[in-house]
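Student: Quick one: sequence plus predicted model below, questions after.
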Amino acid sequence: MIQLPSGWFSTNFYYDVEDSDVDDFYSTVRDKSPLHTKSSMFHGLRQWDIFRYSLSLGMYYEKELDFKRKSAHIPTEHLHDQDIVAIFSAVFSLKDNDLSLLHEPKKIQTICENYANYGVRKLMEINSQVEMTNPISEYESLLNKIISSE
Amino acid sequence: MLYYEHMILSVNLKILRKINDLLGNSSSELNDMFEEILTEQSKYDEMEKEEEYIKKFYAGVLEINSKKDSVMNNLKGDKLQESKTSSQTVAPTTDSQEVLRIKSVTIKNFRAYHGDSGPILFSRNQKSPLTIFHGTNGLGKTSLFNAIHWGIYGKERKSKDHKAKSEGIVNSYIIDTLEDGHTDEMFVKIQIENQHQDLQYEIQRKISLVKEGLGKDLVINDILGGKIPRSVIPNSEVTFSYRDPDSDDGELIKTSNQFTVDALLKKIFPRNLSNFFLLDGELLDDFLNGNDVFVKNGIEQISQLPLLQNCKKYVKSASSKVGTKATTNRTQYTLKEESISKKQKLKTKLEIDIPQINTEIKKLQKELDYGITLILKYDSDTIKEKQNSIQTGKSALSLMEQQIKDNKKKIQYLVYNNLDKILMKKTYYSASKKYDQYIAEKKLPSKFSKDILEQLLHSHECVCGRNLDQDQTAINTIQEMLNVSYDSTLGHSMNKIVEQTNDVVKNFNENENLLKQISECNDEISKYRTKRTDIKNTNNALEKELDKVNIAELNEIRDKNDKLKIKIKDLSNQNHDNQTLLDGCITGLVSDEREFMILKRNTIKDDHANNKMDLASFIQNILDKAHEQLRKEFVDEVKSATEELFLKTAPQKEVFPKINCISIDPDTFAISALRDTDKTKDISRGQAHVLGISFINAIRKITTKNYFMIIDSPFNNISQKERIDICKELKTSHKNTQLTFLVTDSEYEGDVKKTNLSSVRDTLMEHELIGCEYNLSQKPLAKIKSQEYFNTTVGAYV
């Protein structure tokens, strides 16, 4: 298990609460969130799973989106190895970043939050298109599409 | 071709005419049928040998049968009952009778007649037909009569026992004087002609004698009819000459064969008829009492009535032989035919019934099967079973759904665990590359944390105990390391991050496999979905069926099924019985038909026999009728003719009624005359004599041939008056008949004074009846050793 130094990341990662859909999407209490939708691939998962997928999509499309109001949060105490690996890969893959970034954990967090902010919208789009009977249909198609195009 | 006729021929024709009358126009059809039956009979004889004959025979019998009924019905009609009694059947009158008369008789060495008499001519004058031989008693009248009889029959008429006497038919003087080694002969030659003086027959019967040796002892000799010396050997011979009816040259055909001659003479002069042309007056009584066999037989031979009876007996005997067997076979045949007919009807019925019942059984079985299916479908066990099936289905369905779910989860897992990484594939590659670079540049945070390095510098002593103060290089290195070191936790984490990043990158090579796994999972899902659909459908169907279950209806179906089972069982039993019956019937038919064919064959034979029996029965009727009617006609005709002459010539004829004074016994032919009054009183001897003469005369009238008539002692035992009366009637009673009387002188010429009546001779002369008259006389011939021999001579022709 990857054990980052205590306090290295701030307590929470943030997402764009200005956008209610995003807010609902990440919500752990609202029904609109895929975390509570049985037919969703993310049903019963963590906010970090949504964030990681959002980050992946942002990285896939190589687009980020800034946001200002960061009230809602994703506690870092729930980070898993795969989340950390994804965050580090995302930031170190960027051309301008080097090891010095390790002294700037806030920057790492911001970069990822912005890419995830873009990605979450793509994720919401995909999530809205899934079949009721097959919650992973669109994800599966995307997977097939990406692998087949290689 | 030999052609001969005799006096009974006309009667035969009469019988044939009678039978023809009885048969009417059907005689030819009957004849044809007889012919056919005879023809078939010949096939019947051959039928056992060749199959083809049997067929022909059957066909023939059937053909005859088809004709038989019509012919027999025709024959059995009124014709038989109403036979004609027309006058056509009455004998021809004496005018139309063909006359046979003796031209001459030549006698040599016959009894009293010594030497060759030369031809003694008989009267052939139609107006004076009478030839008289007269003489005293013992002068040879009877010998002359016997000579003629012997000439015709080979034996004498009178049945005196000559064997007891030494004298035979050959003149005794000839025998007694015959010398050793010498020969002599005795013969009688008779010439017979018709009314046209055409010679018809010539009979010469001769006995040649030869003496061999000197034996004098006497032995009875059958040829001579008396005792003769053993040394005298007789040899008889006969010659018969007759006119060929197919030739007009008058030449006679001559034959000397003993058997042939005897047969011919028997035909022309039947022995039984001798009384009717060679009559011994002394035996006239025989005609009255009916005791004489010859008389009765003669009459029967003339009438030929026994012929009909014999024929009937023969036919009856023949038909009775075929009768019994025919009846038996017919009965068996009919019974067998009925049996076959019954069996065939039963077979036909069963052959119709059995399939019908089978069809009915099938129909009922189908209903029962349906009922059973329903019961099976809805009974408690079935319901339970169905429910279990549904439950099993549901379990399977659940399993299928779980499988689908699992596969979906697997896909979800695969997608979820890989999609984010694949989306960041480039990212991971780039990061990994950078990590590799940092590692190569040793920039990554080391395992020596910043805290340890700072502690090391502070203590001035390495972990190995070396003093670092003296080693500036080491201190510099530690300083450099401090510049790039981080918190020990972060260094430790970076190593793991790099490691896991590399693992992710490494796993990208498994992407193809990932798709395969997903595809397999999808296939599995698809398969389980199909299975799930099937199970769902099955379960739905089962559930639907279960929904339909109705207990009342099921009970009703059960009741119906029970009834159907009973009915099917009954019908099956019935058909089993029917089949057994049919099998038996077929077996029986095969056996019956085999027997029937044999019986049929026998029955057809029987039909043939029945045909014969029917015809035989019919013929017997015909013969009975013919016999009955002919006998009556014969008796009536004879009676009428007898009565006519009798009433003209009988002594005291006035005592007899003018009609029906004569009675003839139909069995014995004994004739009697009944007085008008006092019927019990016998007629006189003279009346009886006349009655006999009249009777014979009447019988002779029914023949077509008017044979000569020689009467020995025609006036025996009758009065002169009766003699005269008879003589007076001769012309009418014996019209056209050549008559020869052998009379005594006293009968011929005497008793005139006593009765004051004319003599017979005078009466005959008066009526110009005498054509020839011979006086028989006897002269001494020789005397040898006191044995005196005489010779009878026939006087000169007058």
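Tutor: Happy to help now that I have it.

Student: mind listing the strands for chain A?
Tutor: For chain A, the strands defined by DSSP state E occupy A:12-14, A:73-75.

Student: worst average pLDDT in these?
Tutor: Sorting the strands of chain A by mean pLDDT places strand A:73-75 lowest, at a mean of 87.

Student: Contact partners for B:Asn297?
Tutor: B:Asn297 makes contact with B:Asn272 under the criterion CB atoms under 8 Å, 6 or more residues apart in numbering or on different chains. The C-beta positions use only the backbone N, C-alpha and C, and glycine is treated the same way.

Student: got the residues of the stretch 451-600 of chain B near chain A?
Tutor: B:486-487, B:489-490, B:492-494, B:496-497, B:500-501, B:504, B:511-512, B:514-515, B:518 (CB under 8 Å from any CB of the partner chain).

Student: Pick out the residue nearest the middle of the chain.
Tutor: With no chain named, the answer covers chain A. A:Phe51 (1.8 Å; CA atoms, centre = their mean).

Student: I was thinking of chain B, sorry if that wasn't clear
Tutor: Nearest to the geometric centre of chain B sits B:Lys605, at 1.1 Å (CA atoms, centre = their mean).

Student: what's the offset of the strand or helix carrying that residue from the middle of its chain?
Tutor: Element membership for B:Lys605, per DSSP states H and E: helix B:551-649. Centre-to-centre, helix B:551-649 and its host chain are 15 Å apart (CA atoms, centre = their mean, to the nearest Å).

Student: what is the rounded mean pLDDT of it?
Tutor: 82.

Student: List the buried residues of the next helix or strand after it.
Tutor: Per DSSP H and E, the first helix or strand lying C-terminal to helix B:551-649 is strand B:662-664. When burial is assessed from 16 or more other CB atoms under 10 Å in any protein chain shown, strand B:662-664 yields the following buried residues: B:662, B:664.

Student: what do you get for stretch B:730-747?
Tutor: In stretch B:730-747, counting by 16+ other CB under 10 Å, buried: B:730-731, B:733-744, B:747.

Student: Next: stretch B:459-469.
Tutor: Buried residues in stretch B:459-469 (16+ other CB under 10 Å): B:Leu468.

Student: ok, and what's touching it?
Tutor: Residues contacting stretch B:459-469 (CB under 8 Å, 6+ apart): B:456-457, B:474-475, B:478.

Student: switch to 6 Å and redo it
Tutor: Here stretch B:459-469 makes contact (CB atoms under 6 Å, 6 or more residues apart in numbering or on different chains) with B:474-475.

Student: so the nearest residue to B:Asn221 once chain neighbours are set aside, which of the three states?
Tutor: The shortest distance from B:Asn221 to any non-neighbouring residue, by CB to CB, 6 or more residues apart in numbering or on different chains, is to B:Ile228 (4.9 Å). In three-state terms, and counting by DSSP: H, G, I helix; E, B strand; the rest coil, B:Ile228 is strand.

Student: what's the neighbour count on B:Ile228?
Tutor: 25 (other CB atoms under 10 Å in any protein chain shown).

Student: if we can go back for a sec, among the residues of the stretch 451-600 of chain B next to chain A, which are in helices?
Tutor: Within those, membership in helices is found for B:489-490, B:492-494, B:496-497, B:500-501, B:504, B:511-512, B:514-515, B:518, as judged by DSSP state H.

Student: Of these, grab the buried ones for PyMOL.
Tutor: Buried members of these, defined by 16+ other CB under 10 Å, are picked up in PyMOL with:
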select buried, chain B and resi 489+490+492+493+494+497+500+501+504+511+514+515+518
